[in-house]
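In: Test case, fold it:
(chains A and B)
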2 protein chains.
Amino acid sequence: MTAERIAIIGAGPAGMKAAITVGDLGAEAVVIEKRDVAGGKPDEANYAALTPDLRDTEEAFEPMMREFDDHDNIELLTGSQVIDSAGSVGDFTLTIENGDGTEQLDVGSVIVATGFDHFDPGEETQQYGYYEFDDVITLPDAEAMLKEDDFVRPSTGEDPESVCFIQCVGSRDRQIGNEWCSKVCCGIATKEAIEVKEQHPDANVIIFYIDMRMYGFWEDELYWKAQEEHHVRFVRGVATEITKAGDQVIVKGEDTTMGRPYEIPMDVVVLSVGMEPSEGTLGMSEILDVPLENHGFIETVGGPLDTVTTQRDGIFVAGAAAGPKDLEDSISMAGSAAAKAVTTVRQAPTPAADGGHSDE
Amino acid sequence: MTAERIAIIGAGPAGMKAAITVGDLGAEAVVIEKRDVAGGKPDEANYAALTPDLRDTEEAFEPMMREFDDHDNIELLTGSQVIDSAGSVGDFTLTIENGDGTEQLDVGSVIVATGFDHFDPGEETQQYGYYEFDDVITLPDAEAMLKEDDFVRPSTGEDPESVCFIQCVGSRDRQIGNEWCSKVCCGIATKEAIEVKEQHPDANVIIFYIDMRMYGFWEDELYWKAQEEHHVRFVRGVATEITKAGDQVIVKGEDTTMGRPYEIPMDVVVLSVGMEPSEGTLGMSEILDVPLENHGFIETVGGPLDTVTTQRDGIFVAGAAAGPKDLEDSISMAGSAAAKAVTTVRQAPTPAADGGHSDE
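Out: Numbering: from 1, shown residues only, chains lettered A, B, ... in the order given. Coordinates of the predicted model:
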């Protein structure tokens, strides 16, 4: 049944959605996940609630997780990684390594759904003191506290009176080599700012930004809502330096709308770290021999008219493995990639498909 | 074969892509298009080149058009509109009207791909003088000139020395009732600004904006490119008034970065008009009994985890019928909606599907 079996690498939102779609279309999905559980970044990074609808993450994902877990046509290999590949469209052989050793998997097509990594704000930029100051954290650090319903000053465990978000950390930055906009950080920071205000209504919450990229319905459903209902403040001009003074951190930058510098003491600073190609994405590019585009994500062909087809016949991509994507993008791409992969294995000229595609 | 036939309403990018995916998956797509040709807005509104890759629109669409035209499983009904519907999932009956009268179409599922309309800047807002001044035009008006390789001052036919774009016309505006961001106008205006500079390298080209929403790779591939390679100027602060002085128009507003008012004579002003639900979208909502969300687009269920499923079982949506979408969104959604529609018709409990789905 090689011809109707599709490997999906990564069991995050894109991988799960792709697997469900493949399974629903009557083909067999084998999902290879390096972690011990499915769920991907929203699970791994403790997302508290989804952007833009602020729905509880676990609750929102529950129906999809159940569909994924219960699907007759989906097999999940956890603690597993693809370490080698051979063959071509219709007849790939992947070598999978897990705790017990290696095994071979024959598939007709492959969907790469290896996602992104959060930019590490300590490694390449010193200006924000991430590894120096306890109260300087990242978007995922904040998520973890929000998920526990306990957003506090990390240094003291006390309620914060002032919290700010600094946008574009690791994005839109030629100096560190990340020239892209990570697309989702404006929305996620705004969502987190609302959640902080819900837990601490009296706190002064500010987002320092360059452009608020609140496209589509995020504009009124998230951006206006944050301002009007939750009194989150938005100040144009990202901080350029963070220092320490007493038990607070001092955020320095320029308010480009008012045309004057600011220097504000803060209890907690959240760095809105962007997306980078994940290790898995880079690894799969090598192992599957799928070229990267010039930012280092998996390259797709066909410009805006084909979002999932890679340079290599029979190999597709879904989600943030192909660049900065929001959850909607990943979900739409996953369905689209699954349809392409199923079509491919049914049309591929393999022995199993002689005289038409095979039925179960 | 009702059970394996899917109606797709609209033959724009989303509709064509959905039809191809349905056809590739072995089901039958019937595409109902009110115009006499397929192609949708990129064709109807004379898009010169695509955003973000500036590839010639006709050339970029050519492979997709060919696939669509030649597909054995796709039937295109032009000059046709759905005027009534009955039935439910697995067994819908649509009444189609064309020049010759009406006919009934039995389908198992429906994909709504009725797209958007451009905001009409003359009807609801007088401040920009669109119907008053010949040299005040819209993004699609500019596309038409760019497509002819002849971007001129409409009032004189001469080469323009100064061209500006005013962002967010009909978007992010509570007063006119369009609270959403239209998502693509920043990218499209920047693309057009580059094209204007290519035709008129010495012209002064300015984009007046609130936030430049150049997400993902648009940041460096389009936004930085416009500034660095083509010397397009970006000024924060949209114009609030346009008046006439001599043979030029005067654009007035406030540069919020410099904190001072501007009043600049311009040869051509391009209004970056946003997206509104199309007439077809509103009509299909009524005829198919598919609810709209609170901005007036087709409502989807499941938040960011399901981009294509409407409130009505068996009816899906793809593209800008569901809200402001870029071309990538529309294409990804189309593939995803097609996979869902095919799954639906194969799983629907209809007489034709007794004991499993039917094969060709």
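
In: surely A:Asp255 meets A:Gly237?
Out: Yes - counting by Cβ atoms under 8 Å, A:Gly237 is a contact partner of A:Asp255 at 4.9 Å. Using the backbone N, CA and C atoms, a C-beta is placed for each residue, glycine as well.

In: Identify the contacts common to the two.
Out: The contact sets of A:Asp255 and A:Gly237 overlap at A:Tyr262 (Cβ atoms under 8 Å, 6 or more residues apart in numbering or on different chains).

In: Tell me the secondary structure at the residue lying closest to A:Asp289 once chain neighbours are set aside.
Out: Residue nearest to A:Asp289 in three dimensions, not counting chain neighbours: A:Arg312, with 6.3 Å by Cβ to Cβ, 6 or more residues apart in numbering or on different chains. Here A:Arg312 takes the coil state, with states given by DSSP: H, G, I helix; E, B strand; the rest coil.

In: show me the contacts for A:Arg312.
Out: The contact partners of A:Arg312, by Cβ under 8 Å, 6+ apart, come to A:Leu288, A:Asp289, A:Val290, A:Pro291.

In: Buried among those residues? Make that a ChimeraX selection.
Out: Burial among the contacts of A:Arg312 is assessed by 16 or more other Cβ atoms under 10 Å in any protein chain shown; the matching ChimeraX selection reads:
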select /A:288,290
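
In: I'd like to know how far A:Thr102 sits from A:Arg5.
Out: 18 Å (Cβ to Cβ, to the nearest Å).

In: what about those two, which has more around it?
Out: Remark: of A:Thr102 and A:Arg5, A:Arg5 carries more neighbours, 21 against 12, as counted by other Cβ atoms under 10 Å in any protein chain shown.

In: thinking that one is in contact with A:Val107, fair?
Out: Yes - between A:Arg5 and A:Val107 there is a contact at 4.8 Å, judged by Cβ under 8 Å.

In: Show me where the stretch 201-350 of chain A dips below the pLDDT cut-off.
Out: Scanning the stretch 201-350 of chain A for pLDDT under 70 picks out the ranges A:348-350.

In: Isn't A:Met214 up against A:Leu222?
Out: Yes - counting by Cβ under 8 Å, A:Leu222 is a contact partner of A:Met214 at 6.1 Å.

In: what sits in contact with each of the two?
Out: In contact with both A:Met214 and A:Leu222: A:Gly187, A:Thr190, using Cβ under 8 Å, 6+ apart.

In: And the strands in the stretch 101-250 of chain A?
Out: Counting by DSSP state E, counting those that start in this stretch, the stretch 101-250 of chain A has strands at residues A:101-107, A:109-112, A:116-118, A:136-138, A:162-169, A:204-209, A:233-236, A:239-245, A:248-255.

In: Where do the helices of the stretch 251-360 of chain A begin and end?
Out: Assigned by DSSP state H, counting those that start in this stretch, the helices in the stretch 251-360 of chain A fall at A:279-288, A:327-347.

In: Present the ones you listed as JSON lines; the columns should include distance to A:Ala321.
Out: Output for the helices of the stretch 251-360 of chain A, formatted as JSON lines (distance: least, Cβ to Cβ, whole Å):
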{"stretch": "helix A:279-288", "distance to A:Ala321": "5"}
{"stretch": "helix A:327-347", "distance to A:Ala321": "9"}
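
In: quick revisit: could you pull up phi and psi at the residue nearest to A:Asp289?
Out: Backbone torsions for A:Arg312, taken as degrees, to the nearest 10, come to phi -110, psi 130.

In: separation between it and chain B?
Out: Going from A:Arg312 to chain B by Cβ to the nearest Cβ, to the nearest Å gives 18 Å.

In: Need the per-residue pLDDT for the closest residue to A:Asp150 other than its chain neighbours.
Out: What sits nearest to A:Asp150 in space, not counting adjacent residues and going by Cβ to Cβ, 6+ apart, is A:Gln199, at 7.9 Å. Note on A:Gln199: pLDDT of 97.

In: looking at it, A:Gln199 is touching A:Val152, isn't it?
Out: No - applying Cβ under 8 Å, one finds A:Gln199 not in contact with A:Val152, separated by 9.2 Å.
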